[in-house]
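**Student:** Show me the folded form of this:
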Amino acid sequence: MEWLDGQRIQVVPPKKPKKLTGTRFASVLGLNRWSTPFEIWCACTRTYEEPFEDTKFTIAGKAIEPKQAQYMKDAYFMRNLVTPTDIWGEDYFHKTYGDFFRETPVFGGMWDYLLIGKDGKPTTVLEMKTSQRSEDWKDDIPEYYALQAALYAYLLGVDSVIMVASFLEPGDYDNPEKFVCTGKNTITRPFLVSERYPDFEKKYVKPALKWWKDHVETGISPVYDEKKDADILKALRTNNLSPESDITAIVKEAEELKEKLDKAAADIAADEKRYKTLTDMLKKYAQGQFRDGDKQVDLGGSKYSFVMSRTDSMKVDETALKKAGLFDQYAVPKTTYTLRVKMKEEETK
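**Tutor:** A predicted model of the protein is given here:
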């Protein structure tokens, strides 16, 4: 990783960057007050990302989301509501790797629910949210939530979105499984992407794609903020390792290449041994062919040139310096790091 002027850093662009999901979409456009474009760049380039840990808020959201879906079925007669499980099965997260838009190179993510038409195609995206902050929804949908749903609708080729938000009391987080969705604690906010964002592709999608090209594909970050990005910067400055991906992925790739190289080396081991014997013979012969003033001797060859070169230089006699008591006077500390890679012994039971 290299620290650049202008509050930017540069890394080697990853082979497989993390995609711009709906939760990251608004952030790269500077429209999410809870995260920054630099934070999203760090995640997409696998430069740095806090490991995900469930909190009382995420646990409550997972527990209440199915209740919200059932509420929509009962209160709004949405019998054609489908879940990711309906499409991919119980293990849908692992089957899709958390991305319902695998065919899209830059954008990805997971929608919550879909309304399906008689032709079996989606007509509406439903996004479920839980919050303590009802004031954030008083006048309008929080923009970063609306953009998340709008992106999924855009990727699915539909225009209709319904935001469903349930507002929790502090005690609800202790027992979210007991929460009951009602007209008092749960609201719906529908909108059409074409009306809320008349130029959605031009004003939002294309700028996000440009951001991706400018920053993720080049490995050059957007400008960071010393205050807003303080925690990330602290971590990067503590350990500025800049891998193409996380360290586990690097070790895995290195293992695969090491295994391939070891196999290739084993296949040619006998030839390598014979080649060394031959070149040692050539070196010994060539040394005897030098005359005064010669810098090199060419032994010929039809496909390769076997050329022995001679370089005259001075070498420090460390033994003599030590005897004279001068070695310690001119010696300077030197630190050497050596990475040794060896085959692990097969574990025995």
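**Student:** Next one, pLDDT for the nearest residue to Y285 once chain neighbours are set aside please.
**Tutor:** Residue nearest to Y285 in three dimensions, not counting chain neighbours: L299, with 7.5 Å by C-beta to C-beta, 6 or more residues apart in numbering. Glycine gets a C-beta too; all of them are placed from N, C-alpha and C. At L299, the predicted lDDT confidence score is 87.
**Student:** OK, contacts around L299?
**Tutor:** 282, 285-286, 306-308 (C-beta atoms under 8 Å, 6 or more residues apart in numbering).
**Student:** So which of these are in strands?
**Tutor:** Residues from the contacts of L299 lying in strands, with DSSP state E as the criterion: 307-308.
**Student:** biggest separation within the contacts of L299, which pair?
**Tutor:** Y285 and V307 (12.9 Å; C-beta to C-beta).
**Student:** any idea which of the contacts of L299 is the one closest to E90?
**Tutor:** F306 (66.1 Å).
**Student:** What is the neighbour count of that closest one?
**Tutor:** For F306, the neighbour count with other C-beta atoms under 10 Å is 15.
**Student:** do R310 as well
**Tutor:** 11.
**Student:** what do you get for the one 5 residues further on?
**Tutor:** Other residues near K315 come to 5 when the count uses other C-beta under 10 Å.
**Student:** likewise I232?
**Tutor:** For I232, the neighbour count with other C-beta under 10 Å is 21.
**Student:** Same question for the one 5 residues further on.
**Tutor:** The burial count assigned to R237 is 9, neighbours taken as other C-beta under 10 Å.
**Student:** buried ones in the helix or strand harbouring it?
**Tutor:** For R237, the host element (DSSP states H and E) is helix 230-238. Of all the residues in helix 230-238, those buried under the rule 16 or more other C-beta atoms under 10 Å are 232-233, 236.
**Student:** Ok, stretch 180-192 next?
**Tutor:** Quick answer for stretch 180-192 (16+ other C-beta under 10 Å): 181, 185-186, 189, 191.
**Student:** Just the ones in helices from these, please.
**Tutor:** Among these, DSSP state H puts none in helices.
**Student:** what about stretch 125-137, distance to the chain center?
**Tutor:** Here stretch 125-137 is found 28 Å from its chain centre; the criterion is C-alpha atoms, centre = their mean, to the nearest Å.
**Student:** Ignore what I typed, I meant stretch 69-81.
**Tutor:** For stretch 69-81, the distance to the chain centre is 36 Å (C-alpha atoms, centre = their mean).
**Student:** what's the answer for stretch 282-299, then?
**Tutor:** Chain-centre distance of stretch 282-299: 55 Å, with C-alpha atoms, centre = their mean.
**Student:** Buried ones in it, by neighbour count?
**Tutor:** Result for stretch 282-299 [16+ other C-beta under 10 Å]: buried residues 286, 297.
**Student:** Would you mind putting the CA coordinates of that stretch into CSV?
**Tutor:** Backbone C-alpha positions of stretch 282-299 (Å, rounded to 0.1, in the frame of the first residue of the first chain) are rendered in CSV as follows:
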residue,chain,number,x,y,z
LEU,A,282,31.1,-25.8,-18.8
LYS,A,283,32.0,-23.3,-16.0
LYS,A,284,35.2,-25.2,-15.2
TYR,A,285,36.2,-25.5,-18.8
ALA,A,286,35.4,-21.8,-19.5
GLN,A,287,37.5,-20.5,-16.6
GLY,A,288,40.6,-22.1,-18.2
GLN,A,289,39.9,-20.3,-21.5
PHE,A,290,40.3,-16.7,-20.2
ARG,A,291,43.3,-14.8,-21.4
ASP,A,292,44.7,-11.5,-20.0
GLY,A,293,42.1,-8.7,-20.7
ASP,A,294,39.2,-11.1,-21.5
LYS,A,295,35.9,-10.2,-19.9
GLN,A,296,33.9,-13.1,-21.2
VAL,A,297,34.2,-16.4,-23.1
ASP,A,298,31.5,-17.7,-25.4
LEU,A,299,31.2,-21.5,-25.6
